[in-house]
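Student: no sequence on this one, just coordinates:
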């Protein structure tokens, strides 16, 4: 995959992740710490977490066709990297109450859910694009 394509994929994934992470933080916050009031700095965390979630896009080189087993292994490695990064940030942050086990489990499960949902959204987007491309190709073949 060329760098231009990777950057395009990273931007698309970034905005998907940002939206899903914002929803996750809202749900976790309402469930675990609904009395807390935040300032405007709360808007920074989804930006940072989404940026961390995009990093694995640049770690693997897709010059060759990858088998389904290879794709699954890559996705698992990506998920583990993102989980580790987010949990390190959570444990080093003063604002996240990692003393409560429910918070840590909520973050870990939430990251996995967001990761899987982002893969599904990306899959649906790519499926839509491939259908349009196939339709255009069929129309081109019928004309010639």
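Tutor: Thanks, I have it. Note that this is a predicted model, so its numbers are computed, not measured.
Student: all helices in this protein, in order from the N-terminus.
Tutor: Counting by DSSP state H, one finds helices in the chain at the ranges 3-32, 44-54, 68-92, 101-143.
Student: Columns distance to residue 60, mean neighbour count and mean pLDDT on top of the ones you listed, output as CSV?
Tutor: C-beta here means a position set from N, CA and C on the backbone, and glycine is covered the same way. Formatted as CSV, the helices of the chain follow (distance: least, CB to CB, whole Å; neighbours: other CB atoms under 10 Å; pLDDT from 0 to 100):
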stretch, distance to residue 60, mean neighbour count, mean pLDDT
helix 3-32, 10, 16, 84
helix 44-54, 13, 18, 83
helix 68-92, 6, 14, 87
helix 101-143, 14, 13, 90
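Student: and stretch 53-73, how far apart are its ends?
Tutor: 17 Å (CA to CA, to the nearest Å).
Student: contact partners of that stretch?
Tutor: 1, 6, 9-10, 13-14, 17, 21, 74, 77-78, 81-82, 85, 114-115, 118 (CB atoms under 8 Å, 6 or more residues apart in numbering).
Student: Perfect, that will be all.
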